[in-house]
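A predicted structure for the sequence below; I have some questions about it.
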Amino acid sequence: MRLSDFDYLLPESLVAQEPIEPRDASRLLFLPRREGGPRHLRFPDLAVLLAPGDLLVLNDTRVLPARLVGRKASGGRCELLLLEPLGGPRWRAMGQASKPLRAGGHLSFGGLAAEVEAADGEGFLTVRFDREGPLLEQALEREGQVPLPPYIRRAPTAADRERYQTVLAREPGSAAAPTAGLHFTESLLARLADRGVERATVTLHVGPGTFLPVRGEELAAHRMHPERYRVPDETASAFEACRRRGGRVVAVGTTSVRTLESAFDGAGLRCGWGRTDLFIRPGYAFRAVDGLLTNFHLPRSTLLMLVCAFGGQERVLAAYREAVTLGYRFFSYGDAMAIL
């Protein structure tokens, strides 16, 4: 398959720049997985689409204030996106500046300082901050910004600090939100529970494996950057119980899909921490996931390829074209899609 096979036309006016309120007021495009055309619903209608005994699996990662904007020792502007802690004061990051950041360079972000330990190529860096532990966490809360994606063409506000988190966000570690979960409210989750829909969580800390673009036309040459995930014991037990009773395992977001598919060993889910570089595209045989709830994704992205693998490439792209025609809101703060 080729990158151009996953393109579609999207007017810029449909890229959501602000979140809708309340969270569950978004639209929901329901696409039956095997046959039949799209149905156009509201997100709370999910309570009708899901059945008693189904298991909803959500990603409970929490987005860090991972974007740091500051100055090099020369006075030039620089920017870091923090990706993963490496122990103590050291972090893996992506960086940019007017000139490439190099090992030995000193950076300042208000009251926080860092040194570039290594430039690893393609914009990836290893940086060492001037503090660690709780002191570093406090400094990041003070100096860091919400890492809104670049297609949101505005500066982050104080409201984004919580609105760009899911209501189940617990485990700090992501450089981007697991956006399918942004639509849920506590009241909708309670309605689903009253209906007999079970709920479980996994953790996948979102990084470049999720959001970096595919650079070449040949998909076989693309390599995903590994991301950290965790499957709790109770989630593995809930998964097994769902399979026994004949319920559907419905993943909330592509990150939950990749976690479940990576942790599945043929019989159940392996518990604990792992790393995944799983690249799901058409032709992939799903083993752990029966349903998908997701946002609308960028053209030519690995996320769109995953959705096409699950729902059928032509069916999904046709549904996207219909969503464009009907004025759905796209990407992180946009509307949702369910494939069941």
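The structure has been received and is ready for your questions.

Now for Leu317, which secondary structure element holds it?
helix 313-325 (DSSP states H and E).

oh, I was asking about Ser262
Secondary structure (DSSP H and E) places Ser262 in helix 254-263.

That helix packs against which elements?
strand 55-59, strand 198-204, strand 227-231, strand 249-252, strand 272-276, strand 291-295, helix 302-311 (3 or more Cβ pairs under 8 Å, 6 or more residues apart in numbering; DSSP states H and E). From N, CA and C alone the C-beta is placed, and that goes for glycine too.

switch the cut-off to 7 Å
strand 55-59, strand 198-204, strand 227-231, strand 249-252, strand 272-276, helix 302-311 (3 or more Cβ pairs under 7 Å, 6 or more residues apart in numbering; DSSP states H and E).

between these, which one is nearest to Leu112?
Nearest to Leu112, of all the helices and strands packed on helix 254-263, is strand 227-231, at 23.6 Å by Cβ to Cβ.

I'd like to check the angle between the helix or strand that the closest one is followed by and strand 198-204, please.
Using DSSP H and E, the helix or strand that follows strand 227-231 in sequence is helix 233-245. For helix 233-245 against strand 198-204, the angle by axes from the mean of the first three to the mean of the last three Cα atoms, to 10 degrees is 130 degrees.

Run the angle between helix 233-245 and strand 227-231 for me.
Using the same axes, to 10 degrees: helix 233-245 against strand 227-231 is 70 degrees.

Run a quick neighbour tally on Asn59.
Neighbours of Asn59 under the rule other Cβ atoms under 10 Å: 31.

sorry, that was for Gly70
Count around Gly70 with other Cβ under 10 Å applied: 17.

isn't there a strand covering it?
Yes. Assessed with DSSP: H, G, I helix; E, B strand; the rest coil, Gly70 lies in a strand.

all helices of the stretch 51-200 of the chain, in order?
133-143, 160-163, 186-194 (DSSP state H, counting those that start in this stretch).

right, so those: which one is the most enclosed?
The highest mean neighbour count among the helices of the stretch 51-200 of the chain, using mean count of other Cβ atoms under 10 Å, belongs to helix 160-163: a mean of 16.

what comes into contact with it?
19, 146, 148 (Cβ atoms under 7 Å, 6 or more residues apart in numbering).

from memory the first one sits against Tyr333, does it?
Yes. Using Cβ atoms under 7 Å, Pro19 makes contact with Tyr333 at a distance of 4.5 Å.

Just checking, which helix or strand of the protein averages the lowest pLDDT?
helix 208-211 (a mean of 93; mean pLDDT, DSSP states H and E).

How far away from the center of its chain is that helix?
In terms of Cα atoms, centre = their mean, to the nearest Å, the centre of helix 208-211 is found 8 Å from the chain centre.

What of stretch 161-171?
With Cα atoms, centre = their mean, you get 12 Å for stretch 161-171.

How about stretch 210-221?
The answer for stretch 210-221 is 17 Å, by Cα atoms, centre = their mean.

Mind exporting the C-alpha coordinates of that stretch to CSV?
Output in CSV follows, covering the C-alpha atoms of stretch 210-221 (Å, rounded to 0.1, in the frame of the first residue of the first chain):
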residue,chain,number,x,y,z
THR,A,210,1.3,8.2,17.4
PHE,A,211,1.7,11.7,15.9
LEU,A,212,4.8,11.7,13.6
PRO,A,213,3.9,11.6,9.8
VAL,A,214,4.8,8.9,7.4
ARG,A,215,7.6,10.4,5.3
GLY,A,216,7.9,8.0,2.4
GLU,A,217,5.3,6.8,-0.1
GLU,A,218,6.0,3.1,0.6
LEU,A,219,4.3,2.1,3.9
ALA,A,220,6.5,-0.9,4.3
ALA,A,221,9.4,1.4,4.9
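
re the thing from before, by how many degrees do the helix holding Leu317 and helix 302-311 diverge?
120 degrees.

then helix 313-325 to CSV, C-alphas only?
In CSV, the C-alpha atoms belonging to helix 313-325 read as follows (Å, rounded to 0.1, in the frame of the first residue of the first chain):
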residue,chain,number,x,y,z
GLN,A,313,-10.4,1.2,3.7
GLU,A,314,-13.1,2.1,1.1
ARG,A,315,-15.9,2.2,3.7
VAL,A,316,-13.9,4.4,6.1
LEU,A,317,-12.7,6.8,3.4
ALA,A,318,-16.3,7.1,2.0
ALA,A,319,-17.5,7.8,5.6
TYR,A,320,-14.9,10.5,5.9
ARG,A,321,-16.0,12.1,2.6
GLU,A,322,-19.6,12.1,3.9
ALA,A,323,-18.5,13.6,7.2
VAL,A,324,-16.8,16.4,5.3
THR,A,325,-19.9,17.0,3.3
